[in-house]
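Participant: From the sequence below, what's the structure:
(one chain, ligands or ions: 1)
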Amino acid sequence: MGGNLLNTAETTSPWVNGNGIVAHPKAPVGGGGNGYFCSPSSLGCPGNDSSPIPHPLSPVGRNLNPSDTDIMKLAAAGIPLDTSQKTKTSVLSVSIKEKLNKPEDSGDLIFNASNYNDLYGQVNKRATEARNNADKEAGRVQLNWEDISFVPTGGGDDDVATQVSFKILLTTTLPTWTTLNSQPQEHQAKFNRWRSSIENHEKRHVEIYKKHLETLLRKYVIGPTQRVILNDQTNKAIEDVNVYHDELDRTGQPAGLEIPGGTQRIP
Ligand SMILES: [Zn+2]
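Facilitator: Residues are numbered from 1 along each chain as shown. Prediction:
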């Protein structure tokens with residue numbers, strides 16, 4: 001018993017010796033049984049807040065391969081650690097959901113024109129502005145990070161994350177004409193054709209996100225810290241996915257609204 005059983009230099013478990021013999025539960029190193037026993041960690045550590053894990057130069061500490069939880073405890077105690085040696089972060093899951101914004105929530109895409117001529121004027125004005133402002137398209141898909149959660153949980157910006165999960169919501173907003181239902185059939189049809197064309201275009205933006213974003217997140221998100229993941233690596237994935245969006249907007253713009261009484265369209 002005694003020294004032979006706690007030969008931690010040759011075994012990774014304090015319960016098993018170098019010959020593979022498991023300590024008896026009632027033996028001093030086995031602990032937990034009748035009589036006196038000791039805990040499989042540095043003496044004084046359990047129940048003693050002075051050190052979050054065994055001292056690295058203590059007999060137990062010299063043989064301890066710190067787990068991620070141990071590293072979190074050290075970071076919380078203000079003990080610097082070289083995180084570059086740690087395992088890279090892996091992306092656990094990427095969930096992408098989509099929804100269509102309600103007409104009343106469509107904000108600047110709500111057109112309140114009382115007739116088709118006025119609608120055409122409002123849309124035309126907006127299209128003119130769009131040439132100088134990419135955000136002034138007649139439809140849009142907005143990406144929201146609904147949740148980004150890390151393993152281990154409860155850490156801060158500078159803590160190591162071994163795994164990360166992303167929950168993403170894509171919200172599509174389409175133009176709304178508040179007086180549509182009271183308009184002549186012909187004008188309703190013109191508006192609906194325009195809206196459908198925009199809807200098809202925005203669907204293609206959604207498809208781009210669904211096709212590429214998970215792959216890009218898995219490519220760029222490698223950790224090690226939450227701050228690097230949030231500030232740099234997710235943005236890198238977004239920058240890359242935006243290349244696909246820009247390409248779509250260069251090559252496949254939706255049709256314009258038909259002019260009142262004619263067949264010409266707003267370019
Ligand atoms: Zn677009």
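Participant: can we go C-alpha only for contacts and neighbour counts from here?
Facilitator: Noted.
Participant: Would it be right to say that residue 197 lies in a helix?
Facilitator: Yes. Per DSSP: H, G, I helix; E, B strand; the rest coil, residue 197 lies within a helix segment.
Participant: Spit out the contact partners of it.
Facilitator: Contact analysis of residue 197 by CA atoms under 8 Å, 6 or more residues apart in numbering lists 254-255.
Participant: let's go with 10 Å and repeat that
Facilitator: With CA atoms under 10 Å, 6 or more residues apart in numbering as the criterion, the residues that contact residue 197 are 139, 253-257.
Participant: Which one of these is nearest to residue 191?
Facilitator: Within the contacts of residue 197, distances to residue 191 taken as CA to CA reach their minimum at residue 257, with 7.0 Å.
Participant: Check what pLDDT that closest one gets.
Facilitator: Residue 257 is assigned a predicted lDDT (pLDDT) of 92.
Participant: tell me which strands and helices the helix or strand where residue 144 lies is in contact with?
Facilitator: Using DSSP states H and E, residue 144 sits in strand 140-151. Contacts defined by 3 or more CA pairs under 10 Å, 6 or more residues apart in numbering; DSSP states H and E place strand 140-151 against strand 90-100, strand 163-173, helix 185-220, helix 226-228.
Participant: OK, contacts around residue 219?
Facilitator: By CA under 10 Å, 6+ apart, the contact list for residue 219 reads 90-91, 213, 233-234, 236-237.
Participant: Give me the buried entries from those residues.
Facilitator: Those of the contacts of residue 219 that meet the buried threshold are 90-91, 213, 233-234, 236-237, by 16 or more other CA atoms under 10 Å.
Participant: so what's the backbone phi/psi at residue 111?
Facilitator: phi -110, psi 130 (degrees, to the nearest 10).
Participant: Check the gap between the closest residue to it other than its chain neighbours and residue 113 for me.
Facilitator: Leaving out its chain neighbours, the residue that sits closest to residue 111 by CA to CA, 6 or more residues apart in numbering is residue 177, at 4.8 Å. In this view, residue 177 and residue 113 are 7 Å apart by CA to CA, to the nearest Å.
Participant: Compare neighbour counts for the two and give me the winner.
Facilitator: Neighbours around residue 177 and residue 113, counted as other CA atoms under 10 Å, are more numerous at residue 177. The numbers are 21 against 17.
Participant: so the more buried one makes contact with residue 190?
Facilitator: No. Counting by CA atoms under 10 Å, residue 177 does not reach residue 190; the two are 11.6 Å apart.
Participant: tell me the secondary structure for the residue nearest to residue 260 when sequence neighbours are not counted?
Facilitator: Nearest non-adjacent residue to residue 260, counting by CA to CA, 6+ apart: residue 117, 6.1 Å away. Of the three states, residue 117 takes helix under three-state DSSP.
Participant: so what's residue 166 scoring on pLDDT?
Facilitator: 98.
Participant: tell me the contacts of it?
Facilitator: Applying CA under 10 Å, 6+ apart, the residues near residue 166 are 91-96, 145-150, 214, 217, 234.
Participant: What distance do you get for it to residue 92?
Facilitator: Applying CA to CA to residue 166 and residue 92 gives a distance of 8 Å.
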